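Asker: structure, please.
(one chain, ligands or ions: 1)
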Amino acid sequence: VLKLTKKGVYVWGKWAMFPRLVHGFSTRILGNMKFGFGSDEEVRKNRQKFAKILGFNPERIVEAEQIHGGQIAAVGKTDIDQEIKGADGLVTHGLKVYLFVKVADCIPILFFDPMRGVIGIAHAGWRGILAGIGANTVKFMETRFSCIPKDILVGLGPSIGSCCYLVPKKRALKFQKKFGKETVREKEGRWYLDLKKAVCNDLISAGALPSKIEVFSLCTACCPNFFFSYRREGESLSGETAAVIGLKD
Ligand SMILES: [Zn+2]
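Answerer: So this is what the prediction gives:
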């Protein structure tokens, strides 16, 4: 279960058993985390607050460019303070390398292999999910870092729910074909997508264990006090929240 701390950050309760692991999802309480909304100064301050609450150095983050694709990149200490072009997912076994994504409805996915000390992060919107970003990350951890998929803990953070995610029928049918009937809901001729379910099925197809996948049930579009939502706010969107994962030494 994802727990909201008093300071406005969500963390997986179960993952507290790993003392070196730093992870969490910011909420709107901490403000916008993406450069381009508001002033840079404000974003820097918000990121510092988030980092202080979780105990990581905000100057040691690595970000993905986030182009809504399915590409994963291996990163390390030399990538700190960089944005990795073309990537929506990042994996590292470096210490004090904090992987960071920004979201407003898309799914922030955290990965952790406690056996090998390998961590990953992904930004998963519908295009990236169709490109297999969930399974891609598991496979990347397996082939590049010798992880065993069934060892990997996965957490799907705050994102849009099937309650609010109305999509064109054509897109719904693509998801149904690739990820199964249960990822799509039809109501009075309107089609809704369950992105979280699609990612879960994709992760499981790559060998992840259902019992090790955590899913946050709240919907970003339904909870304006806690989350930004592109679907709800459209052009007036004023920010994005962030997810982070890293290992301290
Ligand atoms: Zn909703």
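Asker: what does this protein have sitting close to the ion?
Answerer: G161, C163, C164, C219, A221, C222 (C-beta under 5 Å from the ion). For every residue, glycine as well, the C-beta is placed using N, CA and C.
Asker: make CSV from the residues you listed and add pLDDT, neighbour count and distance to P149 to it.
Answerer: Output for the residues of the chain next to the ion, formatted as CSV (pLDDT from 0 to 100; neighbours: other C-beta atoms under 10 Å; distance: C-beta to C-beta, whole Å):
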residue, pLDDT, neighbour count, distance to P149
G161, 97, 21, 26
C163, 96, 12, 30
C164, 97, 15, 31
C219, 97, 21, 28
A221, 97, 20, 31
C222, 96, 14, 32
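Asker: just the ones of those in strands?
Answerer: Among those, none falls in strands (DSSP state E).
Asker: can you redo these as CSV with distance to L54?
Answerer: As requested, the residues of the chain next to the ion are arranged in CSV below (distance: C-beta to C-beta, whole Å):
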residue, distance to L54
G161, 25
C163, 29
C164, 28
C219, 24
A221, 25
C222, 25
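Asker: in helices only, show me those.
Answerer: Within those, no residue falls in helices by DSSP state H.
Asker: the residue nearest in space to the middle of the chain sits in which helix or strand?
Answerer: The residue lying closest to the centre of the chain (C-alpha atoms, centre = their mean) is P108, at 1.2 Å. Taking DSSP states H and E as the criterion, P108 maps to strand 107-113.
Asker: so in that sheet, which strands flank that strand, and in what orientation?
Answerer: Sheet pairing of strand 107-113 (DSSP bridges) gives strand 118-124 (antiparallel), strand 153-156 (antiparallel).
Asker: closest to S229 out of the residues of the chain next to the ion?
Answerer: Taking C-beta to C-beta as the measure, S229 lies nearest A221 of the residues of the chain next to the ion, at 4.3 Å.
Asker: and the next helix or strand past the helix-or-strand element of the chain with minimal mean pLDDT?
Answerer: Ranked by mean pLDDT, DSSP states H and E, the weakest helix or strand in the chain is strand 2-4, scoring a mean of 85. Once strand 2-4 ends, the next helix or strand along the chain (criterion: DSSP H and E) is strand 9-12.
Asker: which strands and helices sit next to that following strand?
Answerer: Under the contact criterion of 3 or more C-beta pairs under 8 Å, 6 or more residues apart in numbering; DSSP states H and E, strand 9-12 touches strand 2-4, strand 21-26, helix 40-54.
Asker: if we use 10 Å, what do you get?
Answerer: strand 2-4, strand 21-26, helix 40-54, strand 153-156, strand 241-247 (3 or more C-beta pairs under 10 Å, 6 or more residues apart in numbering; DSSP states H and E).
Asker: to N201, which of the ones you listed lies closest?
Answerer: Here strand 153-156 is closest among those (C-beta to C-beta), at 12.0 Å.
Asker: buried ones in the closest one?
Answerer: L153, V154, G155, L156 (16 or more other C-beta atoms under 10 Å).
Asker: go on, stretch 62-81?
Answerer: Buried-residue list, stretch 62-81, by 16+ other C-beta under 10 Å: 62-64, 66, 68-75, 79-80.
Asker: just the residues you listed: which are in strands?
Answerer: V62, E63, A64, I72, A73, A74.
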